[in-house]
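**Q** quick one: sequence plus predicted model below, questions after.
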Amino acid sequence: MAISPVASAQSQCVMSSSFNSTESTGFSCLNPLKLPNITKFKIALCQLSVTSDKQRNLAHALHTIEIAVEQGAKLVVLPEMWNCPYSNDNFAKYAEDFDDEDASPSFSMLSQVASNQGITIVGGSVPEWNNGLLYNSCCVFGPDGKLRAKHRKIHLFDVDIPGDILFKESDTLAAGNTPTIVDTDVGRIGIGICHDIRFPELAMLYGARGAHLICYPGAFNMSTGELLWELVQRARQEASILFVATCSPSRDSNGCYPIWGHSTLVGPFGKIIATSGHEETMVIAEIDYSTIQLQRESLPLEKLRREDIYQFVDKSAWKP
């Protein structure tokens, strides 16, 4: 199947909330924070070791999710590209067409285990075929096993650091063009994939739309990971004061791409609640959304913004 990279891709987001093109709006039209019915729960960040055996990766992810549930997790997050080694050479080989159940074992497994265990799953990311294009896609499933949202990586990772690393996702992948925010049983969640975290505008948009948590499955490399991984995830919560969760594959994963690891949960005001090293592991931590409001009252950024000088512009209207 031929791969056709494109500068911008068609709209693809399946969500419990809708986006419609309309006139731009500023902060004055944004949604206030509303706490969900469940304000305190456990999250599991599954830092998996990824092999070249797809079936083994699926079985391992399933087993890890089941262990996370045994430890009390209500929300489970998987890494970026957990069903295949992170490589342009592998994406097409391991890709799935989510519209074809028989051709989507990763999609089907996540749907089934979410239903069987009664949990919400942010399914990391896997390569997805759609209309002849290849995407890096994250699916979110509810406790009923139904797809709640799908995010296609918006910002593709193209890097050329002389003497260090050369990698261009745009050689094989098409970029998504839709932000993804979804209402779940464990709060309103914004989704980004890896390089999406480098762009604060996306996190600001999610915070402005009432997100409690942003999840970033990601596979930062050794160079950018050491310099930026912790820094950017702590910074992404700062503009809106919310929770940020990242989930990476482990460093011993197969492939030529060296992975930093260090899956992390960051709370309001940039506090690291829990983190890992680079080895395969599971991070279990508690999220308490009540601390968001407490921190926002302590530092009322919304009131301090100078909209007479600058404005955040949201180019699409959103209805929760």
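**A** Cool, got the structure. Residues are numbered from 1 along each chain as shown.

**Q** low-confidence ranges, the chain, go.
**A** 1-32, 161, 164-166, 316-320 (pLDDT under 70).

**Q** which one's the longest helix in the protein?
**A** helix 54-70 (DSSP state H).

**Q** what sits up against that helix?
**A** Contacts to helix 54-70, defined as C-beta atoms under 8 Å, 6 or more residues apart in numbering, come from residues 44, 46, 48-51, 76, 78, 82-84, 94, 105-106, 109, 113, 117, 119, 121, 282, 284. Backbone N, C-alpha and C define where each C-beta goes, glycine included.

**Q** repeat that with 6 Å
**A** 44, 46, 50-51, 76, 82-83, 94, 105, 109, 113, 117, 119 (C-beta atoms under 6 Å, 6 or more residues apart in numbering).

**Q** select only the buried ones of the residues you listed in ChimeraX?
**A** To isolate the buried ones among the contacts of helix 54-70 in ChimeraX, judged by 16 or more other C-beta atoms under 10 Å, type:
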select :44,46,50,51,76,82,83,94,109,113,117,119
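
**Q** of the contacts of helix 54-70, which belong to strands?
**A** Among the contacts of helix 54-70, DSSP state E puts 44, 46, 76 in strands.

**Q** closest one to F269 out of those, please.
**A** Nearest to F269 among these: A44, at 23.1 Å, using C-beta to C-beta.

**Q** the helices in the stretch 101-250 of the chain, which residues?
**A** 105-117, 200-208, 222-224, 230-236 (DSSP state H, counting those that start in this stretch).

**Q** and the last one, what does it pack against?
**A** The criterion is 3 or more C-beta pairs under 6 Å, 6 or more residues apart in numbering; DSSP states H and E, and the helices and strands that helix 230-236 contacts are strand 243-247, strand 264-266.

**Q** circling back: distance to L173 added to the ones in strands among the contacts of helix 54-70, as TSV?
**A** What follows is the ones in strands among the contacts of helix 54-70, written out as TSV (distance: C-beta to C-beta, whole Å):
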residue	distance to L173
A44	27
C46	23
V76	25
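
**Q** list the contacts for the residue nearest to P36 when sequence neighbours are not counted?
**A** Leaving aside its sequence neighbours, P36 sits nearest to G187 (C-beta to C-beta, 6 or more residues apart in numbering; 4.6 Å). By C-beta under 6 Å, 6+ apart, the contact list for G187 reads 36, 212-213.

**Q** one more time with 8 Å
**A** So G187 contacts 36, 38, 211-213, 289 (C-beta under 8 Å, 6+ apart).

**Q** which among these count as buried?
**A** With burial judged by 16+ other C-beta under 10 Å, the buried subset of those is 211-213, 289.

**Q** filter the contacts of G187 down to just the ones in strands.
**A** L213.

**Q** for G261, state which of the contacts of G187 is nearest.
**A** Comparing the contacts of G187 against G261 with C-beta to C-beta places L213 closest, at 20.9 Å.

**Q** correct me if wrong: that closest one contacts I287.
**A** Yes - L213 is within contact range of I287, at 6.9 Å (criterion: C-beta atoms under 8 Å).

**Q** shared neighbours of those two, anything?
**A** 186, 243.
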